[in-house]
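Peer 1: Got a predicted structure plus its sequence, pasted below:
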Amino acid sequence: MTLTLVCPPSRAVQRSILTSQTARYRKTNRQAAARQYCMFYNRFGRCNRGNDCPYIHDPDKVAVCTRFLRGTCPVNDCPFSHKVSPDKVRIASHNAGGYVLCRVMMPVCSYFLRGVCNRDDCPYSHVYVSRNAQVCQDFVHGYCPRGKQCTKKHTLDCPDFSRTGSCPRGGRCRMVHRRRREK
């Protein structure tokens, strides 16, 4: 019987294998990112990475400007969208220091939900979705390609927090934790 000793690979070989695996992993991630929209560009109309960003920068997916909706946007080069579209995800807002994202989305018209919206040019979404519908994860991530045809809720209110007053994801939750008013 002969014994064969197997030596562990040298550090140089280990580094080479690791470098190869890392390169393959990065290439796979870049390819996946090239099919996803940039969350920062969608929310703020700009991305610090610019042309180096591996994600899609689509001007049609940028958040709608709240001042524009009210007819008061004085900014000529506003990074937010001045196009009203039912599939826009969020409404962006301005502040004194620059631009911020409101915690409000391109909302469903509250008057529509009560059956009393009488504006022909209402910029808000007129879509009814069941209360029991799941939250649309595409919407939460910045853009829902299904728009009005989506059967899920377009909201950032956390359903767990709304229902129970606590959220299993805690501070990592991307959704709004809005406390209900006591009656």
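Peer 2: Yep, it's here. Residues are numbered from 1 along each chain as shown.

Peer 1: pretty sure P168 contacts F161?
Peer 2: No: counting by CB atoms under 8 Å, P168 does not reach F161; the two are 9.6 Å apart. To be clear about C-beta, it is placed using only N, CA and C from the backbone, and glycine gets the same treatment.

Peer 1: mean confidence score for the helix or strand harbouring F161?
Peer 2: Per DSSP states H and E: F161 is located in helix 159-164. Averaged across helix 159-164, the pLDDT comes to 78.

Peer 1: Contacts made by that helix with the rest, please.
Peer 2: The set of residues external to helix 159-164 that reach it, using CB atoms under 8 Å, 6 or more residues apart in numbering, is Q134, V135, K153, S166, C167, P168, R169, C173, M175, H177, R178, R180.

Peer 1: Just the terminal-to-terminal distance for stretch 43-60.
Peer 2: 12 Å (CA to CA, to the nearest Å).

Peer 1: Can you give me the buried ones in that stretch?
Peer 2: Using 16 or more other CB atoms under 10 Å as the burial criterion, the residues of stretch 43-60 that qualify are R43, F44, G45, C47, Y55, H57.

Peer 1: Which residue ranges of the chain form helices?
Peer 2: 11-33, 39-44, 66-70, 110-113, 137-140, 159-164 (DSSP state H).

Peer 1: Confidence-wise, which of these is weakest overall?
Peer 2: Looking at the helices of the chain, the weakest mean confidence is helix 11-33, a mean of 64.

Peer 1: so what's C117 up against?
Peer 2: C109, Y111, H126.

Peer 1: now with 10 Å?
Peer 2: Applying CB atoms under 10 Å, 6 or more residues apart in numbering to C117 gives the contacts C109, S110, Y111, Y124, H126.

Peer 1: gap between it and D138?
Peer 2: 25 Å (CB to CB, to the nearest Å).

Peer 1: Using a markdown table, lay out the buried residues of stretch 43-60 together with distance to D157.
Peer 2: As requested, the buried residues of stretch 43-60 are exported to a markdown table (distance: CB to CB, whole Å):
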| residue | distance to D157 |
| --- | --- |
| R43 | 17 |
| F44 | 21 |
| G45 | 24 |
| C47 | 26 |
| Y55 | 26 |
| H57 | 28 |
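
Peer 1: Return the helix or strand in this protein with minimum mean pLDDT.
Peer 2: The helix or strand of the chain with the poorest confidence is strand 98-105; it has a mean of 38 (mean pLDDT, DSSP states H and E).
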